[in-house]
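1. here is my input; please provide its structure:
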Amino acid sequence: MSAPERAEILAALQDVDAVTIFDAPDVRDLVRLLRPDIHAKGTDYTEQSVPEREVVIACGGRVEIVGDPKEHSTTEFLRQAEWRKS
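-> Have a look, this model is predicted:
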């Protein structure tokens, strides 16, 4: 699933105010600009391991870990789809 498709799905959630796609290696500047109430990260992080955690907190927000465990990938999904075709 492409980033714009994922963003569209997330943006449709009632509790989500904004979704942004970025290609910067570090989101600290973006966090300072947007000052989110909640900064959501995937389950490949822990609350303590989020690199921009201190910036989020300094801006008055909090970090939340969301989603399912990263036990799958797009690559694996495509492999399974190819297997089913044969």
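2. then residue 40 would be within a strand, right?
-> Yes. Counting by DSSP: H, G, I helix; E, B strand; the rest coil, residue 40 is found in a strand.
3. run a quick neighbour tally on the nearest residue to it once chain neighbours are set aside.
-> Nearest non-adjacent residue to residue 40, counting by C-beta to C-beta, 6 or more residues apart in numbering: residue 66, 4.7 Å away. For glycine as for every other residue, the C-beta is placed from the backbone atoms N, C-alpha and C. Per other C-beta atoms under 10 Å, the neighbour tally for residue 66 reads 9.
4. report the contact partners of residue 66.
-> Applying C-beta atoms under 8 Å, 6 or more residues apart in numbering to residue 66 gives the contacts 40-43.
5. which of those sits closest to residue 13?
-> residue 40 (10.6 Å; C-beta to C-beta).
6. what's the distance between the closest one and residue 5?
-> Here the criterion is C-beta to C-beta, to the nearest Å. By it, residue 40 lies 18 Å from residue 5.
7. so the two - more neighbours on which side?
-> Per other C-beta under 10 Å, whichever of residue 40 and residue 5 has more neighbours is residue 40, with 16 against 9.
8. ranges for the strands of the chain?
-> 38-41, 62-65 (DSSP state E).
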